Each structure stands twice: as structure tokens, then as C-alpha cells.
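Undergrad: Could you work out the structure for the sequence below:
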Amino acid sequence: MPEVIVRKGEPIDRALKRLKTKLDTEGILEEVRRLRAFETPTQRTKRKAKANAKRAKAKVRFVLS
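TA: A predicted model of the protein is given here:
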């Protein structure tokens, strides 16, 4: 579970932004949005194919560099 410690004198807005950034980088927000509604098998297949394509694209980019 990600947590953010509010520093002394730090505005709550800034701490909230750090928390949102942390949640976004860990993929928690995407997972919550995905689990909020039923996902059909077709949607699941498309989502997984899109994730695999993104992963493959990143892999090729780092191999060529």
C-alpha cells in the first residue's frame, strides 16, 4: 500500500499530488478503474494485446539503443 508522509509546512495539495503520482506509476488507478465495471472477454483480449504491444515496443527501443 503506497503512502505519502506530509512534511512539516507542506501544503496538502502538494502531498496529494505526490500520492496521485505514486498511485499512477504503480498502476493502481488503472486497476481500480478496470475493476469498477464488468469487462467482457473481448475487451480483456484487446487490453492484453495493447499492453503486450506497448511492452514489445519498449523492449525493441531499449535493444536498439
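
Undergrad: Quick check: mean pLDDT of stretch 7-15?
TA: Stretch 7-15 shows a mean pLDDT of 93.

Undergrad: gap between the two ends of that stretch?
TA: 8 Å (C-alpha to C-alpha, to the nearest Å).

Undergrad: So what touches that stretch?
TA: Val4, Val6 (C-beta atoms under 8 Å, 6 or more residues apart in numbering). All C-beta atoms are positioned from the backbone trio N, CA, C, and that covers glycine.

Undergrad: For this structure, give me the ranges with low pLDDT.
TA: 64-65 (pLDDT under 70).

Undergrad: which residues in it form helices?
TA: Along the chain, counting by DSSP state H, helices occupy 12-26, 28-36, 41-64.

Undergrad: Output those as CSV; include the columns mean neighbour count and distance to Ile5.
TA: What follows is these, written out as CSV (neighbours: other C-beta atoms under 10 Å; distance: least, C-beta to C-beta, whole Å):
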stretch, mean neighbour count, distance to Ile5
helix 12-26, 12, 8
helix 28-36, 11, 18
helix 41-64, 10, 32
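
Undergrad: Any chance of CSV for these, columns distance to Val4?
TA: Converted to CSV, the helices of the chain look like this (distance: least, C-beta to C-beta, whole Å):
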stretch, distance to Val4
helix 12-26, 4
helix 28-36, 13
helix 41-64, 27
